[in-house]
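Novice: kindly generate the corresponding structure for this input.
(one chain, ligands or ions: 2)
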Amino acid sequence: MPEVILQGQQLSLLYQEGTEKTFAVDHVDIKIHKGEFVGVMGPSGSGKSSLLYLLSGLKRPTEGTVIYQDTDMHMLPEPKLMGLRLRDFGFVFQQPYLMTYLSALENVLLAAPCGGAQSVMQAHEVMQQLGLHHLESRRPYKLSGGEKQRVCVARATAHQPDILFADEPTASLDRTNGEAVMKLIAGYRSRGAVLVVSHDPAMLRECDTMYHMHDGHLEL
Ligand code: ADP
Ligand code: MG
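Specialist: Ligands and ions are numbered 1, 2, ... in the order given. Below you'll find the predicted structure:
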(Lines give C-alpha, C1' and ligand atoms only; values in the text may rest on other atoms or scores of the structure.)
(Ligands and ions follow the chains in the order given, each with its own letter.)
Protein backbone atom coordinates (compact mmCIF):
# COMPACT_ATOMS: atom_id res chain seq x y z
CA MET A 1 0.00 0.00 0.00
CA PRO A 2 1.47 3.42 -0.92
CA GLU A 3 2.17 5.89 1.87
CA VAL A 4 -0.57 8.10 3.26
CA ILE A 5 -0.13 11.65 1.94
CA LEU A 6 -3.17 13.36 3.46
CA GLN A 7 -5.20 12.31 6.43
CA GLY A 8 -8.28 13.63 8.21
CA GLN A 9 -8.81 12.44 11.78
CA GLN A 10 -12.17 12.90 13.49
CA LEU A 11 -12.70 15.91 11.27
CA SER A 12 -15.73 18.01 12.07
CA LEU A 13 -17.21 21.29 10.94
CA LEU A 14 -20.03 22.50 13.13
CA TYR A 15 -22.21 25.43 12.14
CA GLN A 16 -24.13 27.03 14.93
CA GLU A 17 -26.96 29.48 14.33
CA GLY A 18 -28.63 30.45 17.61
CA THR A 19 -29.53 27.16 19.25
CA GLU A 20 -29.47 25.23 15.99
CA LYS A 21 -26.37 23.13 15.35
CA THR A 22 -25.47 21.52 12.03
CA PHE A 23 -22.54 19.20 11.60
CA ALA A 24 -21.61 19.88 7.96
CA VAL A 25 -18.81 17.34 8.54
CA ASP A 26 -19.33 14.92 11.42
CA HIS A 27 -16.22 13.21 12.83
CA VAL A 28 -14.82 11.98 9.53
CA ASP A 29 -11.73 9.77 9.28
CA ILE A 30 -10.09 9.53 5.86
CA LYS A 31 -6.68 8.46 4.59
CA ILE A 32 -5.54 9.45 1.12
CA HIS A 33 -2.60 7.58 -0.33
CA LYS A 34 0.05 8.67 -2.76
CA GLY A 35 -1.19 8.30 -6.34
CA GLU A 36 -4.81 7.79 -5.26
CA PHE A 37 -7.80 9.23 -7.12
CA VAL A 38 -10.53 9.64 -4.52
CA GLY A 39 -14.15 10.27 -5.49
CA VAL A 40 -16.82 11.63 -3.16
CA MET A 41 -20.51 11.42 -3.97
CA GLY A 42 -23.58 12.34 -1.96
CA PRO A 43 -26.76 14.38 -2.00
CA SER A 44 -26.77 18.15 -1.92
CA GLY A 45 -26.13 19.47 1.58
CA SER A 46 -24.41 16.26 2.75
CA GLY A 47 -21.12 18.07 3.46
CA LYS A 48 -19.01 17.28 0.39
CA SER A 49 -17.79 20.84 -0.20
CA SER A 50 -17.19 21.34 3.52
CA LEU A 51 -15.02 18.21 3.64
CA LEU A 52 -12.97 19.43 0.68
CA TYR A 53 -12.54 22.86 2.32
CA LEU A 54 -11.27 21.25 5.54
CA LEU A 55 -8.85 18.85 3.82
CA SER A 56 -7.47 21.61 1.59
CA GLY A 57 -7.05 24.10 4.43
CA LEU A 58 -9.60 26.56 3.04
CA LYS A 59 -11.58 26.21 6.28
CA ARG A 60 -10.51 25.32 9.80
CA PRO A 61 -12.23 22.31 11.42
CA THR A 62 -14.14 22.88 14.65
CA GLU A 63 -12.76 19.50 15.80
CA GLY A 64 -10.18 17.05 14.54
CA THR A 65 -6.98 17.33 12.57
CA VAL A 66 -5.67 17.25 9.01
CA ILE A 67 -2.20 15.79 8.57
CA TYR A 68 -0.47 16.55 5.29
CA GLN A 69 2.74 14.56 4.99
CA ASP A 70 4.07 15.20 8.53
CA THR A 71 2.39 18.53 9.13
CA ASP A 72 -0.63 19.07 11.34
CA MET A 73 -2.07 21.66 8.95
CA HIS A 74 -4.45 23.42 11.23
CA MET A 75 -1.77 23.98 13.88
CA LEU A 76 -0.03 26.26 11.38
CA PRO A 77 -0.52 29.99 11.64
CA GLU A 78 -2.56 31.46 8.77
CA PRO A 79 0.36 32.77 6.64
CA LYS A 80 2.13 29.39 6.81
CA LEU A 81 -1.07 27.54 5.92
CA MET A 82 -1.65 29.91 3.01
CA GLY A 83 1.90 29.32 1.81
CA LEU A 84 1.43 25.55 1.99
CA ARG A 85 -1.85 25.75 0.06
CA LEU A 86 -0.35 27.96 -2.59
CA ARG A 87 2.67 25.71 -3.07
CA ASP A 88 1.32 22.20 -2.65
CA PHE A 89 -2.43 22.28 -3.33
CA GLY A 90 -4.65 23.13 -6.28
CA PHE A 91 -8.40 23.72 -6.02
CA VAL A 92 -10.96 23.67 -8.84
CA PHE A 93 -14.25 25.24 -7.74
CA GLN A 94 -17.67 24.19 -9.02
CA GLN A 95 -18.22 27.50 -10.76
CA PRO A 96 -15.47 28.65 -13.09
CA TYR A 97 -14.61 31.80 -11.13
CA LEU A 98 -12.50 33.90 -13.48
CA MET A 99 -11.60 37.58 -13.43
CA THR A 100 -13.59 39.07 -16.30
CA TYR A 101 -11.08 41.85 -16.97
CA LEU A 102 -8.10 39.50 -17.29
CA SER A 103 -7.14 37.23 -20.18
CA ALA A 104 -7.18 33.45 -19.81
CA LEU A 105 -3.38 33.44 -19.35
CA GLU A 106 -3.51 36.22 -16.74
CA ASN A 107 -6.19 34.29 -14.86
CA VAL A 108 -3.93 31.24 -14.78
CA LEU A 109 -1.03 33.39 -13.54
CA LEU A 110 -3.11 34.71 -10.64
CA ALA A 111 -2.35 31.54 -8.69
CA ALA A 112 1.37 31.51 -9.52
CA PRO A 113 3.20 31.35 -6.19
CA CYS A 114 6.48 32.94 -7.17
CA GLY A 115 5.67 34.95 -10.29
CA GLY A 116 8.31 35.79 -12.85
CA ALA A 117 9.40 34.12 -16.05
CA GLN A 118 9.25 30.60 -14.65
CA SER A 119 5.56 30.94 -13.75
CA VAL A 120 4.78 32.31 -17.20
CA MET A 121 6.54 29.33 -18.78
CA GLN A 122 4.66 26.86 -16.60
CA ALA A 123 1.37 28.60 -17.41
CA HIS A 124 2.08 28.38 -21.16
CA GLU A 125 2.99 24.73 -20.79
CA VAL A 126 -0.10 23.67 -18.88
CA MET A 127 -2.37 25.70 -21.19
CA GLN A 128 -0.78 23.93 -24.12
CA GLN A 129 -1.47 20.56 -22.50
CA LEU A 130 -5.10 21.54 -21.92
CA GLY A 131 -5.53 22.66 -25.53
CA LEU A 132 -5.85 26.31 -24.51
CA HIS A 133 -2.74 27.76 -26.14
CA HIS A 134 -4.72 29.55 -28.87
CA LEU A 135 -7.04 31.08 -26.26
CA GLU A 136 -4.44 32.54 -23.92
CA SER A 137 -5.20 36.16 -24.73
CA ARG A 138 -9.01 35.76 -24.71
CA ARG A 139 -11.11 37.27 -21.98
CA PRO A 140 -13.48 34.84 -20.20
CA TYR A 141 -16.67 36.15 -21.84
CA LYS A 142 -15.35 34.90 -25.18
CA LEU A 143 -14.80 31.36 -23.85
CA SER A 144 -17.27 28.46 -23.77
CA GLY A 145 -18.20 26.78 -20.47
CA GLY A 146 -15.82 23.93 -21.12
CA GLU A 147 -12.98 26.29 -22.03
CA LYS A 148 -13.55 28.35 -18.87
CA GLN A 149 -13.49 25.22 -16.72
CA ARG A 150 -10.25 24.12 -18.43
CA VAL A 151 -8.75 27.54 -17.63
CA CYS A 152 -9.67 26.88 -14.00
CA VAL A 153 -7.97 23.48 -14.15
CA ALA A 154 -4.91 25.20 -15.66
CA ARG A 155 -4.94 27.77 -12.85
CA ALA A 156 -5.19 25.02 -10.23
CA THR A 157 -2.36 22.97 -11.76
CA ALA A 158 0.15 25.38 -13.35
CA HIS A 159 2.29 25.36 -10.18
CA GLN A 160 2.27 21.54 -10.23
CA PRO A 161 0.47 20.91 -6.96
CA ASP A 162 0.91 17.64 -5.12
CA ILE A 163 -2.76 17.42 -4.29
CA LEU A 164 -5.55 18.53 -6.58
CA PHE A 165 -9.01 19.11 -5.11
CA ALA A 166 -12.00 19.54 -7.40
CA ASP A 167 -15.52 20.38 -6.22
CA GLU A 168 -18.06 19.29 -8.84
CA PRO A 169 -15.76 20.49 -11.61
CA THR A 170 -18.01 19.20 -14.38
CA ALA A 171 -21.35 20.36 -12.99
CA SER A 172 -21.75 23.17 -15.52
CA LEU A 173 -20.50 21.15 -18.49
CA ASP A 174 -22.03 18.84 -21.07
CA ARG A 175 -20.94 15.20 -21.13
CA THR A 176 -18.15 15.61 -23.73
CA ASN A 177 -16.55 18.62 -22.02
CA GLY A 178 -17.11 17.03 -18.62
CA GLU A 179 -15.25 13.89 -19.60
CA ALA A 180 -12.37 15.90 -21.08
CA VAL A 181 -12.01 17.94 -17.88
CA MET A 182 -12.22 14.79 -15.71
CA LYS A 183 -9.54 13.09 -17.78
CA LEU A 184 -7.19 16.01 -17.16
CA ILE A 185 -7.94 16.10 -13.46
CA ALA A 186 -7.56 12.33 -13.04
CA GLY A 187 -4.15 12.52 -14.75
CA TYR A 188 -2.77 14.55 -11.85
CA ARG A 189 -3.04 11.66 -9.44
CA SER A 190 0.50 10.60 -10.34
CA ARG A 191 1.89 13.79 -8.77
CA GLY A 192 0.38 13.10 -5.38
CA ALA A 193 -3.36 12.62 -5.09
CA VAL A 194 -6.62 13.83 -6.57
CA LEU A 195 -9.90 14.36 -4.70
CA VAL A 196 -13.03 14.94 -6.72
CA VAL A 197 -16.59 15.61 -5.60
CA SER A 198 -19.24 14.85 -8.19
CA HIS A 199 -22.95 14.13 -8.50
CA ASP A 200 -22.35 12.09 -11.60
CA PRO A 201 -21.03 8.53 -11.13
CA ALA A 202 -19.90 8.47 -14.77
CA MET A 203 -17.38 11.23 -13.98
CA LEU A 204 -15.88 9.15 -11.18
CA ARG A 205 -15.66 5.91 -13.16
CA GLU A 206 -11.88 5.84 -12.98
CA CYS A 207 -11.44 6.65 -9.31
CA ASP A 208 -9.54 4.25 -7.04
CA THR A 209 -11.70 4.81 -3.99
CA MET A 210 -15.26 6.06 -3.91
CA TYR A 211 -16.79 7.52 -0.76
CA HIS A 212 -20.38 8.51 -0.11
CA MET A 213 -21.41 11.34 2.18
CA HIS A 214 -24.67 11.51 4.12
CA ASP A 215 -25.44 14.14 6.75
CA GLY A 216 -21.77 14.88 7.33
CA HIS A 217 -20.78 11.20 7.59
CA LEU A 218 -18.38 9.59 5.18
CA GLU A 219 -18.82 5.97 4.15
CA LEU A 220 -17.11 3.71 1.67
P1 ADP B 1 -22.64 19.79 -0.24
O2 ADP B 1 -21.39 20.32 -0.84
O3 ADP B 1 -22.65 18.31 -0.08
O4 ADP B 1 -23.84 20.27 -0.98
P5 ADP B 1 -22.04 21.61 1.96
O6 ADP B 1 -20.72 21.20 2.48
O7 ADP B 1 -22.09 22.80 1.09
O8 ADP B 1 -22.75 20.36 1.26
O9 ADP B 1 -23.01 21.87 3.20
C10 ADP B 1 -23.18 20.92 4.26
C11 ADP B 1 -24.16 21.44 5.29
O12 ADP B 1 -23.63 22.59 5.94
C13 ADP B 1 -25.52 21.86 4.73
O14 ADP B 1 -26.51 21.49 5.63
C15 ADP B 1 -25.42 23.36 4.64
O16 ADP B 1 -26.68 23.97 4.79
C17 ADP B 1 -24.52 23.68 5.83
N18 ADP B 1 -23.74 24.91 5.61
C19 ADP B 1 -22.85 25.11 4.62
N20 ADP B 1 -22.29 26.34 4.72
C21 ADP B 1 -22.87 26.92 5.81
C22 ADP B 1 -22.71 28.18 6.48
N23 ADP B 1 -21.83 29.10 6.01
N24 ADP B 1 -23.46 28.43 7.57
C25 ADP B 1 -24.31 27.50 8.06
N26 ADP B 1 -24.50 26.29 7.50
C27 ADP B 1 -23.79 25.99 6.39
MG1 MG C 1 -21.07 21.43 -2.57
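
Novice: who's the most centrally placed residue in the chain bridged to?
Specialist: In the chain, the residue lying closest to the centroid (CA atoms, centre = their mean) is residue 165, at 1.9 Å. On the basis of DSSP bridges, residue 165 takes part in beta bridges with residue 91, residue 195.

Novice: pretty sure it contacts residue 92?
Specialist: Yes - contact between residue 165 and residue 92 holds when scored by CB atoms under 8 Å: they sit 7.1 Å apart. Every C-beta, even on glycine, is put in place using the N, C-alpha and C of the backbone.

Novice: quick check: residues of this structure near ligand 1?
Specialist: Applying CB under 6 Å from any ligand atom, one finds that the chain approaches ligand 1 through 15, 22, 24, 42, 44-50.

Novice: what residues of the host helix or strand of residue 27 count as buried?
Specialist: With the criterion set as DSSP states H and E, the secondary-structure element containing residue 27 is strand 20-33. Neighbour-count burial for strand 20-33, counted by 16 or more other CB atoms under 10 Å, picks out 23-26, 28, 30-33.

Novice: can you put the residues you listed in CSV and add pLDDT?
Specialist: As requested, the buried residues of strand 20-33 are arranged in CSV below (pLDDT from 0 to 100):
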residue, pLDDT
23, 94
24, 96
25, 97
26, 96
28, 97
30, 97
31, 96
32, 96
33, 96
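
Novice: quick check, nearest of those residues to ligand 1?
Specialist: residue 24 (3.3 Å; CB to the nearest ligand atom).

Novice: got the contact list for that closest one?
Specialist: 13-15, 47, 50, 216 (CB atoms under 8 Å, 6 or more residues apart in numbering).
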